[in-house]
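no FASTA, just this:
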């Protein structure tokens, strides 16, 4: 091999934008982290399902998943002559499994999943067009205990892989619409309100809402660390129809604080973006100092508007962002085995936890050879010695 | 929910032919098995890489991978306006990584991988259009020690997940072509010979080869359990150009027998189907009583005919067939937690290895509830008790 890659090699190495190879040790690290997250889900009774990479597009994009349509690659199935889609989100697949194959499985139904998804285009926040999702769905119960269970699970799973500075940002995307409905806001006024709230723009809220401004400003200000924000939210004289959403949020905060008093929880009761299909308490997961969200989740109905749907809640973690919140992989104990090392001796070392690397050629400089091959140790007649 | 699925539900549940959902406990079992195989590869110094699900089709289907062209789904990349392919085999991707991104990584380069592949159509032997591959590549050394290393690794990895009755069927697909070349067989005669050998049809070999028949019949008969077959092969008066292939096979058998005397190894020196791009010792892995091969591998060059290619060997295991060779998953220790169970108490149980399932509603029949939810135990004031 020459030192410079040929043009042909460079062309061969080129991957489409937003797609990449994970190399050692990152690929192993990612797999370990995903495995440990799933282990924690499993410990909490969540059992794994594995939907296929592609499905018929009607199934893949039905109900609330219709918003994924322009992010989904299509391929023609030569067997059925029908269009299939490559999944761009696993959540609708898991909901499909719950409502079809596991329709008769006992409720509460606790499912977990991990896999790769593919998107047609990257976004400003996420350049990657392929990334890993790992998450859970809790299907059946429509109560604060279920919401709290999955939020606590997200936190404990991220803790189990070593994530530090995790915070959960809670919202109830049904709160503002309920208030707007109670006040019979026009569509136009509601759109102005939404835009103002999306920008957390108090002046625009005041301008748009006139006599209702104090109410919406109070909701906007009931944000921040959970205990104080919940108190502020509790003090607001909400229309009756909006009190249910507030009560749900309050109950969930109380359950989380009781179970995990040290967990950082914030409230942002006007956050609705990305929660268009959520029907109750929803949340985004952040880690201190890490750009982007580690994951998100919330309450929904499995069938969307479909009457056979069930209450459900769940969350998805994005593997790439989660990895940015973790320390890197620890170097392995790799030992170089000189040529001709007895197979049984090597097996014994591996059984003790060593990663063995068999040298193929005899060398005058076994220590240099061990270093060249990324080994921390060299096997000598006295056992492994550091190099 | 009614007892009968609606038509809409049935349609939603329908997946394209050859694609399926893995449900509990199979999805978890598969993931565990794949994880343990990779762990064993890692112990032998093989480090994981993770290529993307899709690549530009030129890269994905270059060199020996061109045979995969009609098994590969194509999608248009709207970013580059170029065609991409969904991978139908991970081996060429790993070879690409070795020759591009890891071009300067020290040799021997030991890589492992696991992932899903998608194929346009199923075959008689494999109806599935999506299946898992898990394997290794050993890049750099061109010698029997490397061939033996990966064959032993395939056997020990399958042993580590509990596979019984594993046998390795060895061949050297370069042997028969070398003999044919030495004898200056016409293309037509060679085609007849190949067809006869593919069918293990001694009479057809005799008919086709005339004076050369005894030589090819001797090669055909040098098959079966390794020690005896190698002896028969050694006794044949091969043309000089074919002796190298025989010597490679003999050396590998000797190294395997020394390291793993109990491993079942058979020889089939005329087997060439599916090894069209192999350049040396190759093998298929079977398990007693299991239909289909668990995996296959062999020696090749990373660049195909490309002069920058390197000697390499490796194998791929097919997850679905491997699972058929294993006992099913063991039932987990699942304990039902009554409503209101203290979070810290539940955490302590999980830390002891319990899988906990939180009951949402109080019930008069907690034992029945535990059974309904697939729990083996119920948490009582005296700790978990079997149900």
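That came through, no problem. Note that the coordinates shown come from a computational prediction; the quantities given were computed from them, not determined experimentally.

Show me the domain layout of chain A.
Here chain A is described, according to automatic domain parsing, as comprising the domains A:22-172+A:271-324, A:334-386.

Now render those domains as CSV, adding distance to residue B:43, mean neighbour count and mean pLDDT.
(Glycine included, C-beta is placed from N, CA and C.) Formatted as CSV, the domains of chain A follow (distance: least, CB to CB, whole Å; neighbours: other CB atoms under 10 Å in any protein chain shown; pLDDT from 0 to 100):
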stretch, distance to residue B:43, mean neighbour count, mean pLDDT
domain A:22-172+A:271-324, 12, 20, 94
domain A:334-386, 4, 16, 96
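
possible to save these as TSV with distance to chain B?
Putting the domains of chain A into TSV (distance: least, CB to the nearest CB, whole Å) gives the following:
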stretch	distance to chain B
domain A:22-172+A:271-324	4
domain A:334-386	4
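
Reformat those domains as CSV; add distance to residue B:135.
Compiled in CSV, the domains of chain A are given as follows (distance: least, CB to CB, whole Å):
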stretch, distance to residue B:135
domain A:22-172+A:271-324, 14
domain A:334-386, 18
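
do you know how far residue A:127 is from residue A:248?
Residue A:127 sits 35 Å away from residue A:248 when distances are taken as CB to CB, to the nearest Å.

wait, residue A:226
The value you get for residue A:226 to residue A:248, if CB to CB is used, is 14 Å.

if you count what's nearby, which of these two comes out ahead?
Ranked by neighbour count (other CB atoms under 10 Å in any protein chain shown), residue A:226 and residue A:248 place residue A:226 first, with 25 against 21.

hang on, isn't that one packed against residue A:255?
No. Using CB atoms under 8 Å, residue A:226 makes no contact with residue A:255, being 11.6 Å away.

With adjacent residues omitted, what lies nearest to the residue in the stretch 151-300 of chain A positioned nearest to chain B?
Closest to chain B within the stretch 151-300 of chain A is residue A:259: 3.6 Å, counting by CB to the nearest CB. Residue nearest to residue A:259 in three dimensions, not counting chain neighbours: residue B:343, with 3.6 Å by CB to CB, 6 or more residues apart in numbering or on different chains.

show me what contacts that neighbour?
Residues in contact with residue B:343 (CB atoms under 8 Å, 6 or more residues apart in numbering or on different chains) are A:152, A:258-260.

for residue A:267, same thing?
For residue A:267, the contacting residues are A:169-171, A:222-226, A:229-230, A:233, A:249, A:253, taking CB under 8 Å, 6+ apart as the criterion.

Is it possible to get those out as TSV so that each row also shows secondary structure and distance to residue A:368?
Formatted as TSV, the entries for the contacts of residue A:267 read as follows, by DSSP: H, G, I helix; E, B strand; the rest coil; distance: CB to CB, whole Å:
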residue	secondary structure	distance to residue A:368
A:169	strand	52
A:170	strand	56
A:171	strand	58
A:222	coil	65
A:223	coil	60
A:224	strand	58
A:225	strand	56
A:226	helix	57
A:229	helix	61
A:230	helix	63
A:233	helix	66
A:249	helix	63
A:253	helix	60
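
nearest to residue B:12, of those?
Nearest to residue B:12 among the contacts of residue A:267 is residue A:171, at 29.9 Å by CB to CB.

Can you classify the residue nearest to that closest one when sequence neighbours are not counted by secondary structure?
On the basis of CB to CB, 6+ apart, the spatially nearest residue to residue A:171 that is not a chain neighbour turns out to be residue A:271, at 4.1 Å. Classification of residue A:271 using DSSP: H, G, I helix; E, B strand; the rest coil returns coil.

Residue A:212: neighbour count?
Residue A:212, neighbours per other CB under 10 Å, totals 17.

Was I right to think it contacts residue A:183?
Yes. Under the contact definition of CB under 8 Å, residue A:212 touches residue A:183, with a separation of 5.6 Å.

Thank you, goodbye.
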